[in-house]
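S.K.: let me see the structure of the following:
(chains A, B, C and D)
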Number of protein chains: 4
Amino acid sequence: MDFDQSPASRDMAARVRKFLHEHILPLESSLLNEPHHGNPDWHSWTVDPRIEALKAKAKAEGLWNLFLPAVGGLSNADYAPIAELTGLSLIAPEVFNCNAPDSGNMEVLWKYGSQVQKDEWLVPLLNGEIRSIFAMTEPEVASSDATNMRATIAEDGDHVILNGRKWWSTGLGHPNCKVAIFMGLSDPNAHKYLQHSMVLVPLDTAGVKIERMLPVFGAFDAPYGHGEISFTNVRVPKTSVIAGLGKGFEIAQGRLGPGRIHHCMRAIGAAERALKLMIERSMSRVAFGKPLVNLGGNRDIIANARIDIDMARLLVLKTAWLLDTVGAMGALSEVSQIKVAVPNMACRIIDQAMQMHGGMGLSNDTPLAAMYAYTRVLRIADGPDEVHRGVIAKLELKKYEK
Amino acid sequence: MDFDQSPASRDMAARVRKFLHEHILPLESSLLNEPHHGNPDWHSWTVDPRIEALKAKAKAEGLWNLFLPAVGGLSNADYAPIAELTGLSLIAPEVFNCNAPDSGNMEVLWKYGSQVQKDEWLVPLLNGEIRSIFAMTEPEVASSDATNMRATIAEDGDHVILNGRKWWSTGLGHPNCKVAIFMGLSDPNAHKYLQHSMVLVPLDTAGVKIERMLPVFGAFDAPYGHGEISFTNVRVPKTSVIAGLGKGFEIAQGRLGPGRIHHCMRAIGAAERALKLMIERSMSRVAFGKPLVNLGGNRDIIANARIDIDMARLLVLKTAWLLDTVGAMGALSEVSQIKVAVPNMACRIIDQAMQMHGGMGLSNDTPLAAMYAYTRVLRIADGPDEVHRGVIAKLELKKYEK
Amino acid sequence: MDFDQSPASRDMAARVRKFLHEHILPLESSLLNEPHHGNPDWHSWTVDPRIEALKAKAKAEGLWNLFLPAVGGLSNADYAPIAELTGLSLIAPEVFNCNAPDSGNMEVLWKYGSQVQKDEWLVPLLNGEIRSIFAMTEPEVASSDATNMRATIAEDGDHVILNGRKWWSTGLGHPNCKVAIFMGLSDPNAHKYLQHSMVLVPLDTAGVKIERMLPVFGAFDAPYGHGEISFTNVRVPKTSVIAGLGKGFEIAQGRLGPGRIHHCMRAIGAAERALKLMIERSMSRVAFGKPLVNLGGNRDIIANARIDIDMARLLVLKTAWLLDTVGAMGALSEVSQIKVAVPNMACRIIDQAMQMHGGMGLSNDTPLAAMYAYTRVLRIADGPDEVHRGVIAKLELKKYEK
Amino acid sequence: MDFDQSPASRDMAARVRKFLHEHILPLESSLLNEPHHGNPDWHSWTVDPRIEALKAKAKAEGLWNLFLPAVGGLSNADYAPIAELTGLSLIAPEVFNCNAPDSGNMEVLWKYGSQVQKDEWLVPLLNGEIRSIFAMTEPEVASSDATNMRATIAEDGDHVILNGRKWWSTGLGHPNCKVAIFMGLSDPNAHKYLQHSMVLVPLDTAGVKIERMLPVFGAFDAPYGHGEISFTNVRVPKTSVIAGLGKGFEIAQGRLGPGRIHHCMRAIGAAERALKLMIERSMSRVAFGKPLVNLGGNRDIIANARIDIDMARLLVLKTAWLLDTVGAMGALSEVSQIKVAVPNMACRIIDQAMQMHGGMGLSNDTPLAAMYAYTRVLRIADGPDEVHRGVIAKLELKKYEK
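M.R.: Residues are numbered from 1 along each chain as shown, chains lettered A, B, ... in the order given. Down below sits the predicted model:
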């Protein structure tokens, strides 16, 4: 195991850090308390010109699409410290064009897309001109078990007809969101790894309907959010199928590995931000004649946070190194391990940071509450803790089977 | 210790339960997903006629103001099971006119108010015609340490002049909110228990300004919410002072005991609701060919929830019994004990119930996310966990001092 | 629910407490560090005359057999505070003749024994002249699942022939241990609740062999301990069968309810003792210029211990009250609840008390290490946590079945 | 960070693993249940010829003194996987002559000893012919705060006179234990880092008295154990002082870094052993018709154990790498981090493994109970958790000081 950052990664990380402190964090603090942020009516959500300006600036400085090895030139291990930096702020991932689910969708198109698909959708995504959703999770069934999926993809000559209802489609509310990668059953009688397909669907296709946006703890996270969307007899040409019918499961597997690790890298950053805010608060806030840091178990909380973050980061780095060296199939247990360990750790530390701030910690006067909500989602998205623990245990038990 | 419910309490509880199931729960499920619930612009918040209709109905049936012993005829121990029932729904407390902070404010006025004060403010509060705030917590200082308070009350002839900034004033955004109980320093040089006073301030008095409403996890909980409010040279007649200058600390102590126990009783109800939802979900939702209840550690979660709720309820009942039999000063440790134990327990169980629901659990499709936010606030409001643990330890150590 | 102690119980508790402080605790502190306590060679274990002297004294004062309602005149609820007091010291239960497993065995004989059985075994047990074991758990199978039991009881004319191997027979190593209640399968084809029987077996019967004593964390707890014992073609008259063949399951159910609650009551006492030692240590021990109680999170530990003990005690009292008012079948969930909650709570607090004592806490210079070992056993004995959680969940789910 | 094992380390690890499985584990299983293991009378403890035979064999194969870089040629990072292997068995460290406290004492003599001291004590220690103690901790004071130390070292011409009482001197009961490294105050008025000295004291010197051996959870761990020892006017030549008067603190700092990391490496091994035993048990033991691994939350326990062990190991590797690359002063926080994280993790997993074994898990039929006791000691030895958390927090806060 070699966790050393390459010089290119170190250099990039330094530039990302500088950009973050100079441009992103100052904007973040004002954004959170602006009224539009909490606007539940997604029809009126708008693109924020200040974010667009930062995107342009980041792009101009080459701090752009770093998540994609073929573009940014960084291995997973090299990207990890940069992804962690982007996790320090809720808006940083978008500014650097490496936010979920677009980054995962771009990876899918990069690896599996036809040239036509790339020209039509990958290019504007890479340019940050449009946004996209990944329409996999369904409201009626437990999506943690992929065999439950009910959405269908029926062949009809040169076209396919899509039907189904999806939810928790992240980013659906954004005005620039133009396309969905829709996953459904194209052949329920095939081998279980060959039943699904993925199809590119422009959101303005007839039969596509945004049903509603879903709040998390009551907040809609405008203009991104998570949405519920229905597909009723949606007809698109077969050329919209990604990599051919029956390839859905394979693509999903490939997509989720890096997707999960990127989530975890960013969650490490969120935990570091929480620890920083916790410490600054505990040193400055006075009660009973002492700074909080000298009261009760607060130093224990700080010490445990440092330990837990450092252990979690090392496990993420190990997983990244495995992805780089032996590939996703050699890191199945590790990907599930970080998916369990990191969001739980981050939720715990963010919660403690909120508590250290008193009521302020629950408001939008710090990014903590929004970070908590975001990180809490991660304990469910891309497979809940329970499913990942099951995977880890299964792989562990396998070592003992004869 | 005798925790038996009186026949009057049993009867009342049965009627409250019936009302809750017939009228409140059906309304709650629709309310949570209506757009106005998440509207961050408090200026446009409105009174919900469906809530008002239920209030009228509850009042007509005598299910009204039960929290107030002198009105409802119930001891703390007798009120406990009823308060727990009201905690099963987020909107139930208001329907029965026993919601915070109005219930606490009514108690203050009942016990300490002059006849004029009662006529002007207590009567409409008891009627559910107006709402009120309790303006104690301040943004600049750690309010967990009362000696930090900075708001001032200066005598000026027949008047007092108020200055200060308060936040986390619950219910400030409601259109019917008309009056504040303002707490401030009236004599910083007096004995530390005689420095503070409480003053009734109509919200339309010159110099009173609602600065903003504060979100919790990004949600504003319209039309109630928590607000930030400033008082700048606010001039009110001395007759607005409650029980005389210097009585603030005494009143606060008396207010917070029952206030905390009411919060805890309701949080027990919230935990019971979460357990119910968790079980129903785990029995109906299928993954990997089995209902969730037969997967992994889910039965352990259910069992532990039952144990933890039952233990917490017993401690709340004991505390109520102590309040009834030996008074607040004889229950100092117990009030702090439940203030620590119950919200933490409820947060944990609600969080597990959310997890059992997958993404749905974080949305407003169940009341769980809103309940989590509400209960999470309780770990800070009326004294954070840390301060209450300090009180408990101090009282415990006292037993060993010679 | 009425948890008030009767005057008789209060009076008895006061006398038990006095006896404990005057006679038992002083002896305990010397006993733990005496060499014979740790002697692993059970053949050389001896009866301690100091214990016997205290037994005689307790008996003379009427502080004797209080666990048995028919003898001591105390309900379960009334016995609870007394049992808790006996849990303050590891040797107290024996001194008051209410130690496991003899107390449970005496209950069995009191309720189910024939007159001959009572004369032969109950009388000397009630007198504290002999000791007994309850031979139920078997090494080869998971005893948490009663249907696994392999020991057999075969009819042979006027006799029964016993075969089987048992372990974790508590108290087997004591020189005064004279009789076993042996449980085995008498009719494997009967209904599952009628397959088992219990038989009284003098330990000097041919075919009975003490195989070895079992250490807990390496310590043998002389002269009591837990033993492994084999029964090979052991022939005893049918009059030794308790309550007739096929009654084993029924008797076991009746025995385990009170047995478990007694364990839990004593574990509450152990936790109280640990909290007391923790506080005394934390007030007297100085590090970095301060008593430990003013360092780090130690006050939080004390506060949480107080909360947790008080909640657990209330649940035990409720369970005792249920046993008294509706019987064991009406308290199935509660008995399992305390069996999970109390030993876990006590282990946690004792562990924290050990930690507060540094190295001393792990030695025998305090009773904490022995108490930890004893309490840790309780998480397995009479059904492991896991099985009891399963029972609780099952009963909880039943409420939702139609 | 580069955690790759060198080829030399890989090769050595393979040989250690083979030796462990072929020779050590078979012996271990019989040793634990032999009567002498639990013998509390240390005067009769004997050297086990089977252990000595394995030591000779290991030495002959070059699997000897690997902990010492200058001898074994392994860096800390390279030694880590080997130390972990030795932690798989309680007796392995001695067999490979790398057990505490001898390994630490050998390091001290290697780095700071005079040639005479090396010839007299280091050589036989390196040969495994004698054993030694490190006499630092004192019963009367909190040793976690070094400034509390009371033992004295007075100059008297060419000699020094030692007085003091020490306890938790590991290995004191072994018949081959011949020498103590005694730490005491030689100049209480000097700078606080120059007050202490270390002196080599043969245990047969006049005035040295073994007061008693200390049990852990009641067990004496013959023939090693932890002892209490007094030094009364013990006179030794000044040539016995290690590295000169006043060097005690410096040596202690140097000794404790690697000492702590070795403890942690071995504790990782203990946790791995516990996980292995837990899995094997859970796959083979049947209850309610299923192997335990398919019951309740047992797979979650296994998954969490895998995650926690892997994270802890990575943190230990990072710490080893820091020790190798920037030295002990550059790894202060990390050494404290692993000292907190690893023993707590190992205790938790071993406890869960015990629980999975039922009663058997608490006995000596598996090594789990002894491993638990050993690992529980580590939460106190070489600085309790609380002190290490304090160090971590202090270093963390320092980053924010201006």
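
S.K.: which parts of the stretch 201-350 of chain A sit against chain C?
M.R.: The stretch 201-350 of chain A comes close to chain C at residues A:296-297, A:299-300, as judged by Cβ under 8 Å from any Cβ of the partner chain. Just so you know, the C-beta spots here come from the backbone N, C-alpha and C atoms, and that holds for glycine as well.

S.K.: out of these, who has the most neighbours?
M.R.: Using other Cβ atoms under 10 Å in any protein chain shown as the neighbour test, these are led by A:Arg299, with 25 neighbours.

S.K.: just the element for that residue, please.
M.R.: Assigned by DSSP states H and E, A:Arg299 falls within helix A:298-325.

S.K.: where's A:Leu315 relative to A:Tyr374, distance?
M.R.: The spacing between A:Leu315 and A:Tyr374, counted by Cβ to Cβ, to the nearest Å, is 20 Å.

S.K.: again, but for A:Thr205
M.R.: Using Cβ to Cβ, we find A:Thr205 at a distance of 30 Å from A:Tyr374.

S.K.: show me the shaky parts of the stretch 101-250 of chain A.
M.R.: When residues are selected by pLDDT under 70, none of them lie in the stretch 101-250 of chain A.

S.K.: taking it, what residue is nearest to chain C?
M.R.: For the stretch 101-250 of chain A, the residue closest to chain C is A:Ala142, as judged by Cβ to the nearest Cβ, at 18.7 Å.

S.K.: surely that residue is in a helix?
M.R.: No. When the secondary structure is assigned by DSSP: H, G, I helix; E, B strand; the rest coil, A:Ala142 falls in coil instead of a helix.

S.K.: quick check: closest non-adjacent residue to it.
M.R.: Of all residues beyond its chain neighbours, the one nearest A:Ala142 is B:Ala287 (3.8 Å), with distances taken as Cβ to Cβ, 6 or more residues apart in numbering or on different chains.

S.K.: okay, now that neighbour: neighbour count?
M.R.: Under the neighbour criterion other Cβ under 10 Å, B:Ala287 is assigned a count of 20.

S.K.: ok, A:Met371 next?
M.R.: Applying other Cβ under 10 Å, we find 27 residues neighbouring A:Met371.

S.K.: ok, now which ones touch it?
M.R.: Counting by Cβ atoms under 8 Å, 6 or more residues apart in numbering or on different chains, A:Met371 touches A:90, A:270, A:273-274, A:346, A:350.

S.K.: of all those residues, which comes closest to B:Asp11?
M.R.: Proximity to B:Asp11 was ranked across the contacts of A:Met371 by Cβ to Cβ; first place goes to A:Ile350, at 45.8 Å.

S.K.: which residues of the stretch 51-200 of chain A lie near chain B?
M.R.: Neighbours of chain B within the stretch 51-200 of chain A, by Cβ under 8 Å from any Cβ: A:137, A:139, A:141-145, A:148, A:167-168.

S.K.: which of the contacts of A:Met371 are buried?
M.R.: Among those, the ones that count as buried by 16 or more other Cβ atoms under 10 Å in any protein chain shown are A:90, A:270, A:273-274, A:346, A:350.

S.K.: from those residues, which has minimum pLDDT?
M.R.: Of all the buried ones among the contacts of A:Met371, A:Leu90 carries the smallest pLDDT score, 95.

S.K.: in a helix, that one, correct?
M.R.: No. A:Leu90: not assigned to a helix; according to three-state DSSP it is coil.

S.K.: stretch A:213-223 near chain B anywhere?
M.R.: Yes. Part of stretch A:213-223 sits near chain B under the criterion Cβ under 8 Å from any Cβ, namely A:214-221.

S.K.: go through the longest helix anywhere in chain A and flag the buried ones.
M.R.: Determined from DSSP state H, the single longest helix within chain A is helix A:248-284. Burial within helix A:248-284, assessed by neighbour count using 16+ other Cβ under 10 Å, is assigned to A:248-249, A:251-252, A:254-275, A:277-279, A:281-282.

S.K.: how about the residues of the stretch 201-350 of chain A near chain B?
M.R.: Where proximity means Cβ under 8 Å from any Cβ, the interface of the stretch 201-350 of chain A facing chain B comprises A:212, A:214-221, A:226, A:285-288, A:292, A:295-298.

S.K.: return the subset of those residues lying in helices.
M.R.: A:Asn298.

S.K.: how far away is A:Val216 from B:Val335?
M.R.: As defined by Cβ to Cβ, A:Val216 lies at a distance of 33 Å from B:Val335.

S.K.: from D:Arg376, how far out is the residue of the stretch 251-400 of chain A found nearest chain C?
M.R.: Nearest to chain C in the stretch 251-400 of chain A, going by Cβ to the nearest Cβ, is A:Gly297, at a distance of 2.8 Å. When Cβ to Cβ is the yardstick, A:Gly297 and D:Arg376 sit 21 Å from each other.

S.K.: nearest residue to the spatially most central residue of chain A in space, please, no chain neighbours.
M.R.: Closest residue to the average C-alpha location of chain A: A:Ala100 at 3.8 Å, with Cα atoms, centre = their mean. Distance criterion Cβ to Cβ, 6+ apart; nearest residue to A:Ala100, sequence neighbours excluded, is A:Thr170 at 6.2 Å.
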